[in-house]
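Peer 1: Have a look at this prediction, sequence included:
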Amino acid sequence: MVIQITAQSVKELRNRTGAGMMDCKKALQASSGDIDIAIESLRKKGLASANKKAGRIATEGIIESYIHAGSRIGVLVELNCETDFVARRVEFQQLAKNIAMQIAACPLVEYVSTSDISQDVIDNETRVEAEKEDLANKNQEIKDKIVAGRIQKRLQELSLMSQPFIRDQAILVEDLINQSIALLGENIKVRRFQKFILGEGLDKKNTNFATEVSNIISQ
């Protein structure tokens, strides 16, 4: 039976170790909720140091591309690390390929993280949600809570770091990067990306790319 772990326990372990949320949750489950044992487990795996490395400057790296079968969806992504040595590592290059594929498979993603989303976008999304018909008869307090929850979900939909990793739905992209930081011993950052969809913005017959995107995930 899997032990239920509270969000507060996960947050405390994350604050103390800097490891990813899913790594913290798994460590707590494996330790039956004992934080000290969970910390030791994360340290043995090298995951507890990822947060300390995250503040270091990363100016090396690679630009990776992904073109989906049929050449109708393409992605360019810049993945940074600290040294050219790590940039040449197979593990780093595989991470870049996985991230490029992840971006292609996530039609709603527009930003690297929620912190990159401008306040203007947040304000506009909040206005749209607040004006939805299903909230018309709600009192203001309940309405505000519902809108806040929907906005949080919407911002996560727009953020690459908040997406479940397509090859392992148990972790987020943020956790995947933290694992690579621990493995390679350097700070790793997704600096920017650009997605290209064939014919996007042109006047043409409506084409549904949802099937192609779902095929990416199933590969």
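Peer 2: Nice, I can see it.

Peer 1: use CA for all of it now, contacts and neighbours both
Peer 2: Will do.

Peer 1: Domain ranges for this structure, per the record?
Peer 2: 7-48, 57-113+159-218, 118-157 (automatic domain parsing).

Peer 1: gap between the first one and the chain center?
Peer 2: In this case it means domain 7-48. 19 Å (C-alpha atoms, centre = their mean, to the nearest Å).

Peer 1: How about the secondary structure of residue 121?
Peer 2: Secondary structure state of residue 121, per DSSP: H, G, I helix; E, B strand; the rest coil, is helix.

Peer 1: Let me have the domains of the chain in a markdown table, extended by mean neighbour count and mean pLDDT.
Peer 2: Output for the domains of the chain, formatted as a markdown table (neighbours: other C-alpha atoms under 10 Å; pLDDT from 0 to 100):
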| stretch | mean neighbour count | mean pLDDT |
| --- | --- | --- |
| domain 7-48 | 19 | 79 |
| domain 57-113+159-218 | 17 | 88 |
| domain 118-157 | 13 | 87 |
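
Peer 1: Against residue 81, how distant is residue 151?
Peer 2: Distance, residue 151 to residue 81, using C-alpha to C-alpha, to the nearest Å: 32 Å.

Peer 1: do the same with residue 64
Peer 2: 13 Å.

Peer 1: what do the two both touch?
Peer 2: Common contacts of residue 64 and residue 81 (C-alpha atoms under 8 Å, 6 or more residues apart in numbering): none found.

Peer 1: quick one, strands of the protein?
Peer 2: 60-67, 73-81, 164-165, 168-172, 189-197 (DSSP state E).

Peer 1: do you know which of these lies nearest residue 3?
Peer 2: strand 168-172 (16.2 Å; C-alpha to C-alpha).

Peer 1: thinking again about what came up before, turn the strands of the chain into a markdown table, including distance to residue 90.
Peer 2: Putting the strands of the chain into a markdown table (distance: least, C-alpha to C-alpha, whole Å) gives the following:
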| stretch | distance to residue 90 |
| --- | --- |
| strand 60-67 | 12 |
| strand 73-81 | 13 |
| strand 164-165 | 19 |
| strand 168-172 | 19 |
| strand 189-197 | 17 |
